[in-house]
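Student: Sharing a model that was predicted from the sequence below.
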Amino acid sequence: MVLRVTNAKFAAETATEVAAMTYAAQVAGATIPIADLLGYDLAEQTRYGLVLTSCVPGTSVIPPKPDPEQLRELGAAAARISSVELPPAAVLAVRSRPIEGEDFAAMRRGQGASELLRVAEATVAATRPVDRRLGLVHGDLWHGNTLWDGGKLTAVLDWDCAGVGPAGIDLGSLRCDAAWCHGADAAEHILRGWEAEAGRPASDIPYWDAVAALASPPDMGWFPMAMADQGRPDLTREVMLERRDAFLDAALGRLIAAR
């Protein structure tokens, strides 16, 4: 078993994680790999929040080279998550972007932002995606929040940013993650896996790519440290900035051309 302990100030995030894991397991447990939720304490009146789950085999280490099959499976997992229909609730609120608890726009105002980031922010704000369908979203879907055992996806972890929203939130998040881990071409494997599982073309791809790229600190902040923790110390701040901006610039160009 695995016992996760969180500070009581994150009681709301703990409640969201518990609700998302419970609902996803009940509705789509056979298709979305999730650790068994064995017990929890939401820390509403105590110092700590506790979440007890089964121990799932696997590792979250990011491969140094892109694995097309693994990337396609990540895309397929995102499609299966978004296929779960549920109404918004207090613990599973409507989401409009990845990692919604972090105010990246405030970081851009406070830390300064490049012209690319400023133009992207204005363009996203002036655009409305075509596909308005809502479903379950993980909200922080990247390789580091998954477990793999022998090439098999064994668990999707860390559901504290989950909610209800467009499928593009998780799809864009995975595509952006693949791009700054392996380069822009890797993002296309994510898309192919998603579309094959969903049985339909994905909508509003440039919009959600831009939204995902904007869900990062202006200077990439703590992201390189998170990557190093997942076995990729080669993803330095400079590398991640260059790849993030290239991914965002390409998305922005397609988004402006389509308007």
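Tutor: Alright, I've got the coordinates.
Student: And the closest residue in space to Leu141 that isn't next to it in sequence, which helix or strand is it part of?
Tutor: With sequence-adjacent residues excluded and distances taken as CB to CB, 6 or more residues apart in numbering, Leu141 is closest to Asp170, at 4.4 Å. All C-beta spots, glycine's among them, are computed from the backbone N, C-alpha and C. Take DSSP states H and E as the rule and Asp170 turns out to sit in helix 168-182.
Student: packing partners for that helix?
Tutor: With contacts taken as 3 or more CB pairs under 8 Å, 6 or more residues apart in numbering; DSSP states H and E, helix 168-182 sits against helix 68-82, helix 184-198, helix 205-214, helix 237-258.
Student: and the spatially most central residue of the chain, which of the three is it?
Tutor: Nearest residue to the geometric centre of the chain (CA atoms, centre = their mean): Leu141, 2.4 Å. Per DSSP: H, G, I helix; E, B strand; the rest coil, the secondary structure class of Leu141 is coil.
Student: That one: what's it in contact with?
Tutor: Leu74, Ala78, Ile81, Pro98, Val156, Asp170, Ser173, Leu174, Asp177 (CB atoms under 8 Å, 6 or more residues apart in numbering).
Student: any idea of the pLDDT on it?
Tutor: Looking at Leu141, its pLDDT stands at 98.
Student: cool, Gly29 as well?
Tutor: Confidence score, pLDDT, at Gly29: 69.
Student: Please apply the same query to the one 10 residues further on.
Tutor: Note on Gly39: pLDDT of 93.
Student: Please verify my assumption that it contacts Leu52.
Tutor: Yes. At 4.3 Å, Gly39 counts as touching Leu52 under the criterion of CB atoms under 8 Å.
Student: between those two, who's got more neighbours?
Tutor: Leu52 (15 against 11; other CB atoms under 10 Å).
Student: show me where the stretch 1-150 of the chain has helices.
Tutor: With DSSP state H, counting those that start in this stretch as the criterion, the stretch 1-150 of the chain has helices at 11-28, 68-82, 104-111, 115-125.
Student: Indicate which one of those helices is closest to Asp245.
Tutor: Asp245 sits nearest to helix 115-125 of all the helices of the stretch 1-150 of the chain, at 5.8 Å, using CB to CB.
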